[in-house]
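J.: sequence and predicted structure below; questions after.
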Amino acid sequence: MSPKKITPPTAGSSFSMLSHADAIFDAATLQKSWEILGVIHRYRTSTPDGTTDRSDEGSLKFLSMICPVQLILPAFPFKSPNRKHKTLGALPDKGEELALAHLNGLCAAITDIYEPGAILTIASDGLVYSDLLGVSDAEVYAYGEALRRLVHTQGCKNIQFVRLRNLLHWHEDTPLDATTYERLANDFRQRLIDTFTPLDYDVASSIKTDGDVCATYRGYIKFLAKDLEHTFVEGERSKKSHKQHISDIAKAMIGRGKAFAEAIQKTFPQHVRLSIHPSCGSTKLPIHVLPQARNLITPWHSAPCFTVDGRMEYSMRERFDASEDIERVSRNGQPWYYRFKSDLYSWSPSVELEPLYPCGLLIRPTQPTSAQELPMGPLRELAQQNSPLVLRGFDDTKDKELFVTKAEEMGTPLPWKFGLILEVKDHGTDTQGLNNVLSSEWMPFHYDGLFKIQKGKDAEGKDISLSFPPNPSPKDTGFTLFSPSHLVWHYLPAGYTVEQLEKLRWTVETTSFDQSRSARLAVYSEYLR
């Protein structure tokens with residue numbers, strides 16, 4: 001479902017819901033706040049069936065919290081206790097790595113329109129529920145520590161963590177190693193329940209009257225059925241009593257979740273509240289934590305799998321284990337992700353391939369290997385499926401003649417005006433009209449067919465610019481791709497047809513390359529089929 005467009009209020013609209021006394025809104029600040037909300041809404045999940053969408057209410061409420069942008073997300077508790085059928089183990093895997101990169105990307109997208117950017121605080125709710133599901137406090141600690149290492153190694157600078165003790169403001173000065181964490185875990189849990197559970201809170205009534213709570217309860221029932229599947233033993237408990245047991249746990253989770261939400265609200269009153277659970281959007285913004293996810297799924301309830309062409313799929317491990325077309329990949333001895341089998345992965349036993357976020361592959365040698373050994377044919381075929389390919393750690397990378405030789409193994413290179421090889425260094429303002437090539441600006445992966453343009457006529461006889469890219473190029477397309485553009489078409493909403501898209505035209509303008517501009521370029525059907 002495409003997120004609903006966020007439209008700023010018109011002049012004269014009431015802002016009575018903007019109750020934060022310290023908030024001073026001028027027109028520019030208000031407009032910027034709506035733009036930031038628009039970015040967050042790109043990550044939104046759909047409103048649950050049968051629930052009224054109240055996100056406009058929530059948007060007005062969140063406006064008073066939006067500058068500076070501070071987000072809070074209760075999430076990343078621990079891996080599902082059903083490691084045989086659902087997850088790859090007890091520790092984070094490629095799924096968590098993708099989720100953290102995806103969430104960091106949300107903050108980075110805000111930076112594009114608001115320079116200070118955003119900080120996302122993840123409040124792990126592991127200790128809140130772990131005892132109910134039979135997960136040890138030691139596993140909760142190990143999972144959380146591994147997440148923090150991932151954030152550091154992946155450079156997710158917009159993400160930080162808080163522990164349950166920080167919400168309780170208790171033992172905050174106590175160093176928490178694994179032993180101390182386990183010793184204090186139950187005390188933290190009980191203090192949360194005693195301090196923050198509203199005295200008159202009734203779980204059953206809340207499920208009946210609150211749409212968000214009901215949606216969360218139903219979600220818990222769904223996940224718990226599989227999470228606790230391994231605890232049901234025929235003869236020891238009837239299916240009916242096991243179902244009731246699951247319902248009781250779900251209700252207990254609702255009660256503790258209420259206390260946790262109260263603690264978060266009191267500790268972070270001016271943070272925009274995000275949620276992994278379905279919601280009408282009035283008090284929290286429900287978001288997808290995994291990229292390319294089409295349904296409500298999290299990395300701690302699933303395993304990730306990659307197709308050869310770069311798509312990401314998330315499902316229970318039992319589904320991937322049962323498929324003869326899928327293989328499991330480990331990293332440092334730990335099961336890390338699944339991928340569809342392909343001969344394109346097996347051209348050398350001395351390299352490892354790692355999917356990159358948001359697309360492409362990192363290829364590294366597992367032992368000292370010369371770039372001379374790289375088989376350019378298979379690499380080219382792989383790049384046509386999933387790109388960009390980043391080769392890192394190979395020897396001889398400063399040998400210019402070797403670079404040219406390896407390029408010629410793929411075909412005849414097309415030289416730029418400065419030759420076949422460009423040594424990337426900052427030339428300041430002396431860029432010869434090539435701005436982001438010779439300066440320190442960002443240079444995205446791009447299609448150089450923009451600069452091999454000839455004038456032509458379309459079917460109606462109108463003048464158009466035609467692109468003539470270099471050869472050789474991917475099979476059946478005639479275009480050299482440096483990013484997986486085919487995924488754009490894969491994720492287009494259903495209902496668009498090739499015939500509709502063939503009629504579209506687009507224009508490219510850039511301050512680089514001598515103010516280059518190409519107009520009325522066709523969206524060629526070869527891209528779409």
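T.: Here it is on my side, so go on. Numbers count the residues shown, from 1 in each chain.
J.: report the central residue of this structure.
T.: His102 (2.4 Å; CA atoms, centre = their mean).
J.: neighbours around the nearest residue to that one once chain neighbours are set aside, how many?
T.: Ranked by CB to CB, 6 or more residues apart in numbering and with sequence neighbours excluded, the top spatial neighbour of His102 is Pro291, at 4.5 Å. No exception for glycine: its C-beta is placed from N, CA and C like everyone else's. Neighbourhood size, Pro291 [other CB atoms under 10 Å]: 17.
J.: over to Pro291: give its phi and psi.
T.: For Pro291, the backbone dihedrals (degrees, to the nearest 10) come out as phi -70, psi 150.
J.: how close does it sit to Arg237?
T.: Noted for Pro291: a distance of 39 Å to Arg237, by CB to CB, to the nearest Å.
J.: quick one: the strands in the stretch 301-450 of the chain?
T.: Along the stretch 301-450 of the chain, counting by DSSP state E, counting those that start in this stretch, strands occupy 303-306, 312-315, 326-331, 334-340, 351-355, 361-365, 389-391.
J.: for the ones you listed, which one sits closest to Cys214?
T.: With CB to CB as the criterion, Cys214 lies closest to strand 312-315 of the strands of the stretch 301-450 of the chain, at 24.8 Å.
J.: what is the host helix or strand of His245 packed up against?
T.: Using DSSP states H and E, His245 sits within helix 239-267. Other helices and strands packing on helix 239-267, by 3 or more CB pairs under 8 Å, 6 or more residues apart in numbering; DSSP states H and E, are strand 69-74, helix 126-129, helix 164-168, helix 178-196, helix 203-209, helix 211-227.
J.: what does the average pLDDT come to for it?
T.: Per-residue pLDDT over helix 239-267 has a mean of 94.
J.: so which elements touch the very next helix or strand once past it?
T.: Downstream of helix 239-267, the next assigned helix or strand under DSSP H and E is strand 272-275. Under the contact criterion of 3+ CB pairs under 8 Å, 6+ apart, strand 272-275 touches strand 69-74, strand 285-286.
J.: direction included, what does strand 272-275 pair against?
T.: strand 69-74 (parallel), strand 285-286 (parallel) (DSSP bridges).
J.: reformat those strands as a markdown table; add mean neighbour count.
T.: Formatted as a markdown table, these follow (neighbours: other CB atoms under 10 Å):
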| stretch | mean neighbour count |
| --- | --- |
| strand 69-74 | 22 |
| strand 285-286 | 23 |
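J.: would CSV of those with mean pLDDT and distance to Gly134 be doable?
T.: As requested, the strands paired with strand 272-275 are arranged in CSV below (pLDDT from 0 to 100; distance: least, CB to CB, whole Å):
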stretch, mean pLDDT, distance to Gly134
strand 69-74, 91, 21
strand 285-286, 85, 28
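J.: tabulate these (CSV), appending distance to Glu373.
T.: As requested, the strands paired with strand 272-275 are exported to CSV (distance: least, CB to CB, whole Å):
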stretch, distance to Glu373
strand 69-74, 45
strand 285-286, 49
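J.: Pro378 is nearest to which of these?
T.: strand 69-74 (41.1 Å).
J.: so that closest one versus helix 239-267, what angle?
T.: Angle, strand 69-74 to helix 239-267, by axes from the mean of the first three to the mean of the last three CA atoms, to 10 degrees: 150 degrees.
J.: from the rest of the structure, what touches strand 69-74?
T.: Contact with strand 69-74 is made by 36, 40, 103, 106-107, 110, 114, 116-125, 260-261, 264, 268, 270-276, 287, 289, as judged by CB atoms under 8 Å, 6 or more residues apart in numbering.
J.: any idea which helix or strand comes after that strand?
T.: helix 94-113.
J.: name the helices or strands packed onto that next one?
T.: Helix 94-113 packs on helix 27-41, strand 69-74, strand 118-123, helix 137-153, strand 159-162, strand 303-306, strand 334-340, going by 3+ CB pairs under 8 Å, 6+ apart.
J.: show me what counts as buried in it.
T.: If you call a residue buried by 16 or more other CB atoms under 10 Å, then helix 94-113 has these buried ones: 94-110.
J.: what mean pLDDT does that helix get?
T.: 92.
J.: how about stretch 369-389?
T.: 87.
J.: the residue nearest to Thr197 when sequence neighbours are not counted and His230, how far apart?
T.: Spatially, and ignoring its direct neighbours in sequence, Thr197 is nearest to Ala259 (4.3 Å; CB to CB, 6+ apart). Separation of Ala259 from His230 (CB to CB): 28 Å.
J.: between the two, which one's more packed in?
T.: Neighbour count, other CB under 10 Å: between Ala259 and His230, Ala259 has more, with 21 against 14.
J.: show me the contacts for that one.
T.: Counting by CB under 8 Å, 6+ apart, Ala259 has contacts Val128, Leu192, Ile193, Thr195, Phe196, Thr197.
J.: PyMOL command to pick out the buried ones of these?
T.: To isolate in PyMOL the members of the contacts of Ala259 that are buried, counting by 16+ other CB under 10 Å, one can use:
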select buried, resi 128+192+196+197
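J.: reformat the contacts of Ala259 as a markdown table; add distance to His242 and pLDDT.
T.: Listed next are those as a markdown table, based on distance: CB to CB, whole Å; pLDDT from 0 to 100:
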| residue | distance to His242 | pLDDT |
| --- | --- | --- |
| Val128 | 23 | 96 |
| Leu192 | 28 | 97 |
| Ile193 | 25 | 96 |
| Thr195 | 33 | 96 |
| Phe196 | 30 | 96 |
| Thr197 | 27 | 95 |
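J.: the helices in the stretch 301-450 of the chain, which residues?
T.: Remark: helices of the stretch 301-450 of the chain, listed N- to C-terminal, are 317-321, 376-385, 400-408, 435-438; assignment by DSSP state H, counting those that start in this stretch.
J.: of all the ones you listed, which lies closest to Ser348?
T.: helix 376-385 (8.7 Å).
J.: who are the packing partners of that closest one?
T.: Short answer (3+ CB pairs under 8 Å, 6+ apart): helix 376-385 packs on strand 389-391.
J.: quick one: the closest residue to Arg364 other than its chain neighbours from Ser348, how far?
T.: Spatial nearest neighbour of Arg364, chain neighbours left out: Gly393 (4.7 Å); criterion: CB to CB, 6+ apart. As defined by CB to CB, Gly393 lies at a distance of 13 Å from Ser348.
J.: next one: Arg517
T.: For Arg517 relative to Ser348 (CB to CB), the value is 44 Å.
J.: rewinding a little: ok, which pair from the contacts of Ala259 is furthest apart?
T.: So, these by CB to CB: farthest apart are Val128 and Thr195, at 12.9 Å.
J.: domain assignment for the protein?
T.: 68-301, 303-408, 448-528 (automatic domain parsing).
J.: for the record, mean pLDDT for the shortest one?
T.: Okay, so that is domain 448-528. 64.
J.: the residue nearest to the centre of the chain: what's it in contact with?
T.: Taking CB under 8 Å, 6+ apart, one finds His288, Val289, Leu290, Pro291, Tyr357 in contact with His102.
J.: still on that earlier bit, could you redo the contacts of Ala259 as a markdown table and give each row distance to Met376?
T.: Formatted as a markdown table, those follow (distance: CB to CB, whole Å):
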| residue | distance to Met376 |
| --- | --- |
| Val128 | 53 |
| Leu192 | 58 |
| Ile193 | 62 |
| Thr195 | 64 |
| Phe196 | 61 |
| Thr197 | 64 |
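J.: what pairs with the closest residue to Leu274 other than its chain neighbours across the strands?
T.: The spatially closest residue to Leu274, leaving aside those adjacent along the chain, is Leu73, at 4.3 Å (CB to CB, 6+ apart). Counting by DSSP bridges, Leu73 forms beta bridges with Ile122.
J.: and what of Gly419?
T.: What pairs with Gly419, by the bridge criterion (DSSP bridges), is Trp416.
J.: equivalent analysis for Ser465, please.
T.: Lys455.
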